[in-house]
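Novice: Got a predicted structure plus its sequence, pasted below:
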Amino acid sequence: MTKQEQIDKLGNTIIYLADRMENLSKTKLLKLIYLLDEYAVKKFGIPFFGFNYEVWRLGPVCQEVFAELNAEEEELTFLDRFITLDRQDNTTYIKSKGEFNDDEFSTNDLKLLEEVTASFKNATANQLIDITHQKGSLWYNVALKNDLLEPFDKKFKNTSNHEIQFEELIKQDQVKANLYHDYKEFTTFTKAF
């Protein structure tokens, strides 16, 4: 997948979610993006987006997407044709700007997008944070291993550069582990060009 295809997939995913979820906040969106990748790896061995996620206090976060959603409306770069940002009372809400286009999605992608939307449509951002922070989750395990739980809990620290390793989800399933390994090798190879 090229960088532009990845941006188109992300932008259209956000349109899909924003059109189906009332008051889609930035925090809720960031958790849904992460959950799409996690669920895709669990189900198929290949991520939905293939983003890197760092372990932050409020959950796994793709730093590039976070930075884009924190920009001022006129400073949006790669999502400017897909969304608008509506800031109200210290919360940023995401609104779609166009029509959903499924060109970058496989049949499995669309089914997973439907499932995740149905499962979490009515969940709050805080409920999604709780889900991603559950004991034994990838976020929890990395935070525990790197002594981040207490600093996060006491709000001494908000971010870290420790990354989520999706291979941990599928290490017992050799077929999915091989698919994930091949995916990572291919993306590393294509980034070299």
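Specialist: Thanks, I have the structure now. Treat the numbers as computed from the prediction; the structure is a model and nothing was measured.

Novice: ok, now how distant is the closest residue to Val175 other than its chain neighbours from Gln165?
Specialist: With CB to CB, 6 or more residues apart in numbering as the criterion, Val175 has its nearest non-adjacent residue at 6.8 Å, and that residue is Gly45. (C-beta placed from N, C-alpha, C; glycine too.) Note on Gly45: its distance to Gln165, by CB to CB, to the nearest Å, is 14 Å.

Novice: Also Leu79?
Specialist: Remark: distance between Leu79 and Gln165 (CB to CB) = 27 Å.

Novice: how about the nearest residue to Pro47 once chain neighbours are set aside, what does it touch?
Specialist: Spatially, and ignoring its direct neighbours in sequence, Pro47 is nearest to Asp37 (4.4 Å; CB to CB, 6+ apart). Going by CB atoms under 8 Å, 6 or more residues apart in numbering, Asp37 touches 47-51, 53, 166.

Novice: quick one: which of the residues you listed is nearest Leu148?
Specialist: Proximity of these to Leu148 (CB to CB) peaks at Tyr53, which lies at 14.1 Å.

Novice: The helix or strand of the chain with the lowest mean pLDDT packs against which elements?
Specialist: Every helix and strand in the chain was compared by mean pLDDT, DSSP states H and E; the lowest is helix 174-191, with a mean of 86. Helix 174-191 sits against helix 26-44, helix 167-170, with contacts defined as 3 or more CB pairs under 8 Å, 6 or more residues apart in numbering; DSSP states H and E.

Novice: in it, what's buried?
Specialist: 176, 179-180, 183 (16 or more other CB atoms under 10 Å).

Novice: same question, stretch 149-158
Specialist: Phe152.

Novice: And stretch 78-89, by the same measure?
Specialist: So, applying 16+ other CB under 10 Å, buried residues of stretch 78-89: 78-79, 82-83, 85.

Novice: ok, Gln165 - contacts?
Specialist: Taking CB under 8 Å, 6+ apart as the criterion, Gln165 is in contact with 138, 142.

Novice: In CSV: the buried residues of helix 174-191, plus distance to Glu72.
Specialist: Formatted as CSV, those follow (distance: CB to CB, whole Å):
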residue, distance to Glu72
Lys176, 41
Leu179, 40
Tyr180, 37
Tyr183, 35
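
Novice: Touching the least confident helix or strand of the chain from outside, list them.
Specialist: Counting by CB under 8 Å, 6+ apart, 41, 44-47, 50, 166-167, 170-171 sit against helix 174-191.

Novice: quick one, strands of this protein?
Specialist: Remark: strands assigned in the chain by DSSP state E are 54-56, 59-61, 83-88, 91-96.

Novice: Can I get those strands in JSON lines including mean pLDDT?
Specialist: Output for these, formatted as JSON lines (pLDDT from 0 to 100):
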{"stretch": "strand 54-56", "mean pLDDT": "97"}
{"stretch": "strand 59-61", "mean pLDDT": "95"}
{"stretch": "strand 83-88", "mean pLDDT": "93"}
{"stretch": "strand 91-96", "mean pLDDT": "95"}
